[in-house]
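>>> Okay, here's the prediction I keep looking at, along with the sequence it came from:
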Amino acid sequence: MEKIAIEGSPKTPTISFETDKGFLEIKGRSIPENSIEFYKPLVDALEKYASKPQSATNVNIQLEYFNTSSSKCILDVFKKLEAIHKGGSAVTINWHYEEDDEDMLEAGEDYQAIINVPFKMIQME
């Protein structure tokens, strides 16, 4: 399977999905013009990956900010990861947030309550 590498911009996060290593990273700001279109390649890749995932998949989420439409797309990504997890492959989501960013911590906790995948809350300085 091919890797996904989407270069970040002031409005879109950097996305790196190394399917051969079972590693996904989403980093930066997520306020794209069209969130569904922006996240579609990743959601499609996760769909393919789910048929033959690595034994462990590690996910690093390190967002400074995301808008409402992005939050729905991020949830779609997490739902694909949840399906992989339910299929017997270990999935861990590392949710990084700034020390003083209560909103980002709460957002991570909200996702954690919805998605049945191990979440680690990681505070950054």
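Nice, I can see it. Please read all numbers here as calculations on a predicted model, not as lab measurements.
>>> Helices along the chain, start to end?
35-51, 68-86, 102-114 (DSSP state H).
>>> Reformat those as JSON lines; add mean neighbour count and mean pLDDT.
Just so you know, the C-beta spots here come from the backbone N, C-alpha and C atoms, and that holds for glycine as well. Below are the helices of the chain laid out as JSON lines (neighbours: other CB atoms under 10 Å; pLDDT from 0 to 100):
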{"stretch": "helix 35-51", "mean neighbour count": "16", "mean pLDDT": "97"}
{"stretch": "helix 68-86", "mean neighbour count": "18", "mean pLDDT": "97"}
{"stretch": "helix 102-114", "mean neighbour count": "15", "mean pLDDT": "97"}
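>>> Rebuild those as CSV, extending it with distance to Pro10.
Formatted as CSV, these follow (distance: least, CB to CB, whole Å):
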stretch, distance to Pro10
helix 35-51, 13
helix 68-86, 14
helix 102-114, 18
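>>> Of the ones you listed, give the one that comes closest to Arg29.
With CB to CB, the closest approach to Arg29 among the helices of the chain belongs to helix 68-86: 9.1 Å.
>>> what angle do the closest one and helix 102-114 make?
40 degrees (axes from the mean of the first three to the mean of the last three CA atoms, to 10 degrees).
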